[in-house]
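Participant: what's the 3D shape of this:
(one chain, ligands or ions: 2)
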Amino acid sequence: MKHVDEARVNSFLEIEASEKEIDSVLEKARQLKRLTLEESAKLLSVTDSALLKKIYDAASYVKNTIYGKRVVMFVPLYISNVCANSCLYCGFASNNKLTVRKKLTFQEIKEQTEILLKRGHKRILMVAGEMSSSKENTDYYVGAVKAIYSADYKGNKIKRVNINVAPMSVDDFKKLKEAGIGTYQIFQETYHEGTYKKLHTAGAKSDPDNRLDAVDNAFKAEIDDVGIGPLLGLYDHRFEILAMLMHVEYLEKTYGVGPHTISVPRIEPAPGSAYASNPEYPLTDEEFKKLVAVLRLSVPYTGIIMSTRETANLRDVLVNLGVSQISAESRVTPGGYEDDSVVTPHNNKLERQFSLNDQRTLDEIVKSLLLQGFIPSFCAACYRKNRTGEHFMDLAKPGKIKHMCDINALVTLKEYLEDFAEPEIKELGYKLIEERKTKLDGAGLNALETFFKNVDNGIRDEYI
Ligand code: SAM
Ligand code: SF4
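Facilitator: Ligands and ions are numbered 1, 2, ... in the order given. All right, here's what the predicted structure looks like:
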């Protein structure tokens, strides 16, 4: 597989580190310096609980220093489960006869978006299966992105559409960029070639390099924000993390910037997939927590995304350890959002891709974040102001972006509280806002107060 030297990754798996060595890696990480593969491997080798605690403390420190208390909220929108591939772990696999196939029309996509807007969502991750014709894929994705942006609920619009869809050519990515996508996200699933070939036996996805090339194609089409990740459970998670970090090194060397986000999906049971119920390399919650913390330390400027595959309790812990973006009230079924009843039981639906473990509403998740002192953010200012790719990294690196982002996040939180939150959440939200104001002064505080006045006067969607 391109960009991955398996023998080198395997040699890192042999590493054992002393407490002194771990302390020295953590000291470097606390200076917000990117870690080498060897240093990351040392951290991943830790099993001692006292040393793990040191890793968690350092991860919280780095998260707080770079991202402050913000957690970006998004919601996935599944537009189609029609797929020509046959990934062994997925409910949408073409040979899965159980799955009821649905490819939403652009009108249906717009209607689904309006339901999400009505609940307060502002950022969408559009997800689809892969059809066999690349032209059909691109035309459909472009039309869908336009349909999402065209949706409107009382003046509320979607601010950013990220996409998790099939690999495309540079020219096709350019069309998606023109349609206004934010991040292009693609998971390598496994960076272990033998496992990859075993699990992807048909369709375009059977070539692992095709997926790695998709990341390059997106960069070449000047989509600066690209998201990557392994699907955890398919192979040894330490191998996956280190091989993915090798992929990150390749991107940094080639494009001057690494991935904008890393996702760490864990495999979940899926209708019609015996494999998904019994994956070969399941990992414990403790191992999962450790790898999130190690990623936070290893690539401090890369966003980490956590989906509703994980339980509410674990997600609450992980936002402290490094996760910077979380999804809320997700449905992994095309057309799965229902007006006023987004939270109806979902795991029994046969059109779904896999099972979900956090079924809380957006308001419930917002409440839990507020109680922990986090600012749920619906902001997309960086992307709208072209603070993407290398430019984003330059701003993020010295921690410069933190205050700007705090102001934008607080404005979006106030808008949410005014327009969508239940009274109890509104009260909690304003309490947090008051606390956060004490951390700002001078021009920052003045800017915030002006934005807040404007929100009170009915003006929405202002940002710096
Ligand atoms: N079809 C495109 C692809 O495969 O890249 C994009 C959409 S696919 C629905 C998004 C991701 O879902 C996949 O990349 C895979 O990592 C994840 N996925 C598939 N089956 C899963 C399962 N059983 N549990 C958790 N995640 C799963
Ligand atoms: Fe299709 Fe993606 Fe599921 Fe594979 S993971 S079967 S490509 S939807």
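
Participant: Go over the secondary structure and confirm Glu434 is in a helix.
Facilitator: Yes. Counting by DSSP: H, G, I helix; E, B strand; the rest coil, Glu434 falls inside a helix.

Participant: what number of residues lie near it?
Facilitator: 9 (other C-beta atoms under 10 Å). Quick note: C-beta positions are derived from backbone N, CA and C, even for glycine.

Participant: Close to ligand 2: what parts of the chain are there?
Facilitator: Selection of the chain residues close to ligand 2 by C-beta under 6 Å from any ligand atom yields 83, 85, 87, 90, 92-93, 129-130, 205.

Participant: which residues touch Asn96?
Facilitator: Contacts were defined as C-beta atoms under 8 Å, 6 or more residues apart in numbering; by that measure Asn96 touches 90, 271-273.

Participant: Torsion angles phi and psi at it?
Facilitator: phi -90, psi 100 (degrees, to the nearest 10).

Participant: Tell me where the protein has strands.
Facilitator: 70-80, 123-128, 160-164, 181-185, 226-228, 261-263, 303-306, 325-327, 375-377 (DSSP state E).

Participant: for the record, mean pLDDT for the last one?
Facilitator: Read it as strand 375-377. Across strand 375-377, pLDDT averages out at 97.

Participant: go on, the longest one?
Facilitator: Per-region confidence: strand 70-80 scores 96 on mean pLDDT.

Participant: re earlier: as JSON lines, the strands of the chain with mean neighbour count would be great.
Facilitator: Putting the strands of the chain into JSON lines (neighbours: other C-beta atoms under 10 Å) gives the following:
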{"stretch": "strand 70-80", "mean neighbour count": "25"}
{"stretch": "strand 123-128", "mean neighbour count": "24"}
{"stretch": "strand 160-164", "mean neighbour count": "24"}
{"stretch": "strand 181-185", "mean neighbour count": "26"}
{"stretch": "strand 226-228", "mean neighbour count": "24"}
{"stretch": "strand 261-263", "mean neighbour count": "23"}
{"stretch": "strand 303-306", "mean neighbour count": "23"}
{"stretch": "strand 325-327", "mean neighbour count": "24"}
{"stretch": "strand 375-377", "mean neighbour count": "27"}
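
Participant: hang on, the earlier thing: ok, and which of the residues of the chain next to ligand 2 reach ligand 1?
Facilitator: Restricting the residues of the chain next to ligand 2 to those adjacent to ligand 1 (criterion: C-beta under 6 Å from any ligand atom) gives 90, 129-130.

Participant: Quick one: which of the contacts of Asn96 is the most crowded by neighbours?
Facilitator: Going by other C-beta under 10 Å, Cys90 tops those with 27 neighbours.

Participant: Pop out the phi and psi values for that one.
Facilitator: In terms of degrees, to the nearest 10, the main-chain angles of Cys90 are phi -110, psi 140.

Participant: residues touching it, list them.
Facilitator: 83, 96, 270, 273, 276, 353-354.

Participant: Among the residues you listed, which pair sits farthest apart?
Facilitator: Within these, Cys83 and Ala276 form the most distant pair, 14.8 Å apart (C-beta to C-beta).

Participant: Quick one: low-confidence residue ranges for the protein.
Facilitator: 340-353, 388-389, 391-402 (pLDDT under 70).

Participant: how far away is the residue nearest the centre of it from ligand 1?
Facilitator: Centrality entry for the chain: nearest residue to the mean C-alpha point is Ile305, 3.0 Å, by C-alpha atoms, centre = their mean. For Ile305, the distance to ligand 1 (C-beta to the nearest ligand atom, to the nearest Å) stands at 12 Å.

Participant: Return the residues in contact with that residue.
Facilitator: Contacts of Ile305 (C-beta under 8 Å, 6+ apart): 227, 229, 261-264, 323-327.

Participant: Adding distance to Lys414, write those residues out as a markdown table.
Facilitator: Listed next are the contacts of Ile305 as a markdown table, based on distance: C-beta to C-beta, whole Å:
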| residue | distance to Lys414 |
| --- | --- |
| Gly227 | 28 |
| Gly229 | 32 |
| Thr261 | 26 |
| Ile262 | 30 |
| Ser263 | 29 |
| Val264 | 31 |
| Val323 | 23 |
| Ser324 | 21 |
| Gln325 | 20 |
| Ile326 | 20 |
| Ser327 | 22 |
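
Participant: quick revisit: ok, the contacts of Asn96 vs Ile115, which is closest?
Facilitator: Ile115 has its nearest neighbour among the contacts of Asn96 in Pro271, at 23.5 Å by C-beta to C-beta.

Participant: Give me the nearest residue to the closest one, chain neighbours excluded.
Facilitator: Gly91 (4.7 Å; C-beta to C-beta, 6 or more residues apart in numbering).

Participant: Any idea how many residues pack against that neighbour?
Facilitator: That count, for Gly91 with other C-beta under 10 Å as the rule, works out to 26.

Participant: who's in contact with it?
Facilitator: By C-beta under 8 Å, 6+ apart, the residues touching Gly91 are 81, 98-99, 270-273, 276, 352-354.

Participant: roughly how far apart are it and ligand 1?
Facilitator: Distance, Gly91 to ligand 1, by C-beta to the nearest ligand atom: 7 Å.

Participant: got it, and Pro271?
Facilitator: Distance, Pro271 to ligand 1, by C-beta to the nearest ligand atom: 9 Å.

Participant: for that residue, phi and psi?
Facilitator: Phi and psi for Pro271, reported as degrees, to the nearest 10, are phi -60, psi 130.

Participant: I'd say it and Val100 touch.
Facilitator: No. Using C-beta atoms under 8 Å, Pro271 makes no contact with Val100, being 9.7 Å away.

Participant: Quick check: residues of the protein near ligand 1?
Facilitator: 89-90, 127, 129-130, 164-166, 186-187, 189, 231, 265, 267-268, 270, 276, 309, 353-354.

Participant: how does it look with 5 Å?
Facilitator: Residues of the chain found near ligand 1 (C-beta under 5 Å from any ligand atom) are 89-90, 127, 129-130, 164, 187, 231, 265, 267-268, 270, 276, 354.

Participant: Among those, which one has the most neighbours?
Facilitator: Sorting the residues of the chain next to ligand 1 by how many neighbours each has (other C-beta under 10 Å) puts Cys90 first, at 27 neighbours.
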